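A.B. asks: Pasting the sequence and the predicted coordinates here, then a few questions.
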Amino acid sequence: MPVAAGETSVYRLISTRNLIIFLALTGIISIITAGSTRAIVLLMALSFLSNVSYSCVSRSAVRNSALYHAIALLLSNIAFYSVLYRLKTDNLNIQLFIPYTVATVFGSVSGAVISSRIEDYFGITTSTDKTASARASSVAKKFLLALSSLLVAIVVLTTKDIWTSVYIAGLVFGGGVSFSIVRRSRNSNNTTYHIFAFLFDSLLWFLLYRKLSLNNMALTLFPAYCLGSIFGGLTGQKTSERIENAIGASADAHLNSSGRLMPWRSIAIILVLCVVMIAILPDKRLISIITALALGQQIAFSLVSRSRNRNNLTYHLIASVFSNGVWFLTFRQINSHNWNWGNYPPYAAGGAMGSITGVGISMNIEKSLNITSETKK
């Protein structure tokens, strides 16, 4: 990959090929030293496929093809639920940390490349021109109608607790909408929009995975999960487009901005809230750990979310390492305390600060290296 204008000397020393070789060797060592090689290889394969499909979902959510987004969502749901089921089955053992992280990083990077080629081939862009995606949207509606009918039939015929399935589908739908909005807000330049989107999304996320984890990721809940996720993701895609058009949010406006890109005032306010929370809540050590993990997780998520939609593979590779690794540790920490409601406030506050901080950091990196939201031809 050619070196971008303004790239620092430290960045020049980081070769994409060297990073890939290091991660590959790390993954091989983790397989060789694993107690159960077959289980580790299965987890890594599922994790790889999960992040390939998720990268396609992330990119398709900010592009103009509803059909591509719908197919990517379906594949991502199958792979991600399988990964969660495997992790929960093994109680998120810390020995899974390295193989999971390595596999997801390769999946994330491969998915970004695969998605970019699909977009080039079918002429899918970040344009919100309605006429450009009308035909694909029509096909997507027919595809989704058939798929939703099948999923509803499976839910009705297989579930023993219809209300739990309805609850899961509702939470996943709401979470799909809110996360699509958060994902797009991370690729915009409006901090207030981003904070409110994240707080709403974090509540739905906690409710959903608390319910799924306490039910041991039962496979009977997957059809409801899949049904809610597909429609939630597509609804969120359209909703976020309308919000961005209304508030004038832009993906690349910061590249030409002369002002400060880090939202220091918002960061300071949330930081004060985090400090107060740690001071007044019991079990300060646990609260501090959850706040720090949520902060790191969302900084990494913001970086990797934006990097998937930029034209620099090394930037995306480094962001993916932190994103996938910190997600594992955060999910493991909350799960180990049985999703106690007392853990949600520090998670939400630390996550909100991390999400906007990550966007600020990413904007500065993109401006410094002139990394745009479209692949350069």
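C.D. replies: Happy to help now that I have it. Residues are numbered from 1 along each chain as shown.

A.B. asks: Now do the helices in this protein.
C.D. replies: 9-13, 16-32, 37-60, 66-89, 97-122, 134-158, 162-186, 191-214, 222-247, 264-280, 284-307, 313-336, 344-369 (DSSP state H).

A.B. asks: Flag every buried residue along the second one.
C.D. replies: Of all the residues in helix 16-32, those buried under the rule 16 or more other Cβ atoms under 10 Å are T16, L19, I20, L23, G27, S30, I31. Where C-beta positions appear, they are placed from N, C-alpha and C, glycine not excepted.

A.B. asks: Equivalent analysis for stretch 190-199, please.
C.D. replies: N190, T191, Y193, H194, I195, A197, F198, L199.

A.B. asks: Quick check, Y54 in contact with N77.
C.D. replies: No. Using Cβ atoms under 8 Å, Y54 is not in contact with N77, being 9.8 Å away.

A.B. asks: on that earlier part again, closest to P282 among the buried residues of stretch 190-199?
C.D. replies: Taking Cβ to Cβ as the measure, L199 is the one of the buried residues of stretch 190-199 closest to P282, at 23.1 Å.

A.B. asks: quick one: that closest one from Y344, how far?
C.D. replies: Separation of L199 from Y344 (Cβ to Cβ, to the nearest Å): 11 Å.

A.B. asks: now L43
C.D. replies: If you go by Cβ to Cβ, the gap between L43 and Y344 works out to 28 Å.

A.B. asks: So for those two, which residue has more residues nearby?
C.D. replies: L43 (22 against 18; other Cβ atoms under 10 Å).

A.B. asks: Leaving out chain neighbours, which residue sits closest to the more buried one?
C.D. replies: R86 (5.2 Å; Cβ to Cβ, 6 or more residues apart in numbering).

A.B. asks: so what's the one you found up against?
C.D. replies: Going by Cβ atoms under 8 Å, 6 or more residues apart in numbering, R86 touches A39, L42, L43, L46.

A.B. asks: pLDDT check: weakest of these?
C.D. replies: Within the set of the contacts of R86, pLDDT is lowest for A39 (84).

A.B. asks: where's the closest residue in space to it that isn't next to it in sequence relative to N190, distance?
C.D. replies: Distance criterion Cβ to Cβ, 6+ apart; nearest residue to A39, sequence neighbours excluded, is D90 at 7.3 Å. Look at D90 and N190: by Cβ to Cβ, they are 40 Å apart.

A.B. asks: export the buried residues of helix 16-32 to a markdown table and tack on distance to Y209?
C.D. replies: Shown next, in a markdown table, are the buried residues of helix 16-32 (distance: Cβ to Cβ, whole Å):
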| residue | distance to Y209 |
| --- | --- |
| T16 | 33 |
| L19 | 30 |
| I20 | 31 |
| L23 | 27 |
| G27 | 26 |
| S30 | 25 |
| I31 | 28 |
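
A.B. asks: Which single one of these is nearest to N216?
C.D. replies: Relative to N216, the closest of these is S30; by Cβ to Cβ it sits at 25.4 Å.

A.B. asks: The closest one and V102, how far apart?
C.D. replies: Counting by Cβ to Cβ - S30 and V102 are separated by 7 Å.

A.B. asks: swap in A197?
C.D. replies: Taken as Cβ to Cβ, the span from A197 to V102 is 31 Å.
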